[in-house]
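Chemist: when you get a sec, could you give me coordinates for this:
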Amino acid sequence: NMMTKADKSSQTIGRIVFLDWLRAIACLMVLLVHASECVYSNDYSFSFPSESGRWSVCLINGLMRPAVPLFLMASAYLLVPLKTNTQTFFRKRFVRVVVPFVVWLIVYATVPVLWGEYTTTDVYNNLTQIFINFIPRASHLWFVYMLIGIYLIMPILSSWLAHVERREEEFYLGLWLFTTLFWHAHEQFGDIFGECWWNPFPLFHYVSGYVGYIVLAHYIRNYLDWSVKKTFYIALPCFLLGYAYCAWSFYTRSFTVEAVHQLEMSWQTTSIAPVMMSFGAFMLIKKVTCAGNVYRYVQDVSIVSYGIYLMHMLLLPFVYSWCNSTMPVAAAIISTAVITYTACYVVSRFISSLKFGNFFIG
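Modeler: Residues are numbered from 1 along each chain as shown. Have a look, this model is predicted:
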């Protein structure tokens with residue numbers, strides 16, 4: 001096929017254009033999710049300020065469910081199969097991911113003491129806790145634990161993907177898609193397929209979870225070079241059907257359940273509807289080839305997107321408090337996300353210009 005101007009531009013600058021757009025979009029989606037959660041959730045219980053607030057959360061937050069999978073698929077699209085030996089891969093991931101992660105764990109454990117959110121005792125307890133797990137103030141960092149876990153197995157997975165036949169890969173993806181139904185199966189049947197309190201690793205455990213997104217990204221890169229028309233005919237319905245189910249399930253459950261984990265059953269990122277949305281969103285964004293003037297800013301955001309993710313929850317709750325006091329719920333959610341996104345981009349961009357900035361933003 002003849003290369004477009006955008007394709008040539010992406011080659012010239014040595015980047016994959018659509019992945020920069022994808023990271024920039026996914027980063028904003030994450031902030032919209034967290035701004036929405038400020039409306040109704042404290043991670044364990046929930047309530048809505050009004051019926052319009054319920055609908056605002058349902059429609060905005062439900063639309064953003066591919067955020068985490070898109071980040072994961074972007075990494076896999078670039079990294080798998082590995083282009084370096086295992087030692088080099090781990091060294092680069094350590095500098096780019098682990099070091100900034102540890103820095104920000106410490107920041108979230110200590111810095112809020114400056115405005116009276118923590119006492120010195122809280123800081124001590126936080127610093128003790130972060131060697132075991134994230135603290136509530138930094139609950140969004142669950143993603144990085146998962147990401148590092150994926151990196152640990154990626155060299156093994158990479159060796160398999162380098163040699164696997166297409167049909168074998170499709171068989172694995174089929175098994176993985178089956179496991180995405182288990183969120184709802186657990187609700188109906190309890191423990192399944194050998195699962196019990198002394199065995200949390202049942203029959204399909206090792207072919208489930210976020211590792212499926214790694215294989216999905218590899219499969220897309222190798223086999224799904226669709227036309228724009230075919231992409232819209234297949235990917236857009238996948239996205240919309242997943243979104244419709246997420247929104248419908250969330251809304252109806254909001255009247256019948258009490259715990260957040262029950263309310264959000266349909267939009268857990270390894271559940272079937274968000275998987276459909278993530279596949280659809282990835283395939284649609286894959287068709288974005290715009291590398292004009294706007295792309296320069298998109299690329300900048302993409303480069304510092306990890307830093308934006310790491311730091312945003314230090315600022316977002318304060319921005320939401322201000323927006324919520326002056327705006328309707330939907331406007332407060334969107335304004336909170338956009339303001340936080342912009343501010344964190346500016347800070348991350350500044351940090352990236354410093355000599356040791358990579359230790360803070362990757």
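Chemist: looking at the protein, which helix is longest?
Modeler: When the chain is parsed with DSSP state H, its longest helix is helix 228-253.
Chemist: quick one: that helix to chain centroid distance?
Modeler: For helix 228-253, the gap between its own C-alpha mean and the chain's C-alpha mean amounts to 18 Å (Cα atoms, centre = their mean, to the nearest Å).
Chemist: cool, and stretch 317-334?
Modeler: Between the centre of stretch 317-334 and the centre of its host chain there is 22 Å, according to Cα atoms, centre = their mean.
Chemist: what residues does Ser75 make contact with?
Modeler: The neighbours of Ser75, taking Cβ atoms under 8 Å, 6 or more residues apart in numbering as the test, are Leu147. Just so you know, the C-beta spots here come from the backbone N, C-alpha and C atoms, and that holds for glycine as well.
Chemist: can you give me the distance of it to Leu22?
Modeler: Ser75 sits 11 Å away from Leu22, taking Cβ to Cβ, to the nearest Å as the criterion.
Chemist: same question for Lys286.
Modeler: In this structure, Lys286 and Leu22 are separated by 8 Å, where distance is defined by Cβ to Cβ.
Chemist: more neighbours: which of those two?
Modeler: Between Lys286 and Leu22, counted using other Cβ atoms under 10 Å, Leu22 has the larger neighbour count: 26 against 22.
Chemist: I'd guessed that one sits against Leu70; true?
Modeler: Yes. Under the contact definition of Cβ atoms under 8 Å, Leu22 touches Leu70, with a separation of 5.7 Å.
Chemist: quick one: common contacting residues for the two?
Modeler: Counting by Cβ under 8 Å, 6+ apart, the common neighbours of Leu22 and Leu70 are 282, 285.
Chemist: low pLDDT regions in the stretch 1-150 of the chain?
Modeler: Filtered on pLDDT under 70, the stretch 1-150 of the chain yields the residue ranges 1-14.
Chemist: would you mind measuring from the residue nearest in space to the middle of the chain to Glu187?
Modeler: In the chain, the C-alpha nearest the mean C-alpha coordinate belongs to Val68, at 1.3 Å (Cα atoms, centre = their mean). If you measure Val68 against Glu187 using Cβ to Cβ, the figure is 22 Å.
Chemist: please apply the same query to Tyr306.
Modeler: Here the criterion is Cβ to Cβ. By it, Tyr306 lies 34 Å from Glu187.
Chemist: who has more neighbours, these two?
Modeler: The residue with more neighbours, out of Tyr306 and Glu187 and counting by other Cβ under 10 Å, is Tyr306; that gives 22 against 11.
Chemist: what packs against the one helix or strand that one maps to?
Modeler: Secondary structure here is read from DSSP states H and E; on that basis Tyr306 sits in helix 305-324. Helices and strands in packing contact with helix 305-324 are listed as helix 17-40, helix 99-110, helix 329-352, helix 358-361; criterion 3 or more Cβ pairs under 8 Å, 6 or more residues apart in numbering; DSSP states H and E.
Chemist: so it versus helix 17-40, what angle?
Modeler: The directions of helix 305-324 and helix 17-40 differ by 40 degrees, with axes from the mean of the first three to the mean of the last three Cα atoms, to 10 degrees as the criterion.
Chemist: can I get helix 305-324 as PDB, trimmed to CA atoms?
Modeler: Output in PDB follows, covering the C-alpha atoms of helix 305-324 (Å, rounded to 0.1, in the frame of the first residue of the first chain):
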ATOM      1  CA  SER A 305       2.000  10.000  30.100                       C
ATOM      2  CA  TYR A 306       3.500   7.700  32.800                       C
ATOM      3  CA  GLY A 307       4.400  10.700  34.800                       C
ATOM      4  CA  ILE A 308       0.900  12.200  34.500                       C
ATOM      5  CA  TYR A 309      -0.500   8.900  35.600                       C
ATOM      6  CA  LEU A 310       1.800   8.600  38.600                       C
ATOM      7  CA  MET A 311       1.200  12.200  39.900                       C
ATOM      8  CA  HIS A 312      -2.400  13.000  39.000                       C
ATOM      9  CA  MET A 313      -4.000  11.700  42.200                       C
ATOM     10  CA  LEU A 314      -2.000  14.200  44.200                       C
ATOM     11  CA  LEU A 315      -3.900  17.000  42.500                       C
ATOM     12  CA  LEU A 316      -7.200  15.600  41.200                       C
ATOM     13  CA  PRO A 317      -9.200  15.400  44.500                       C
ATOM     14  CA  PHE A 318      -8.500  19.100  45.200                       C
ATOM     15  CA  VAL A 319      -9.500  20.100  41.600                       C
ATOM     16  CA  TYR A 320     -12.700  18.100  41.900                       C
ATOM     17  CA  SER A 321     -13.600  19.700  45.200                       C
ATOM     18  CA  TRP A 322     -13.400  23.100  43.600                       C
ATOM     19  CA  CYS A 323     -15.200  22.100  40.400                       C
ATOM     20  CA  ASN A 324     -17.900  20.200  42.300                       C
END
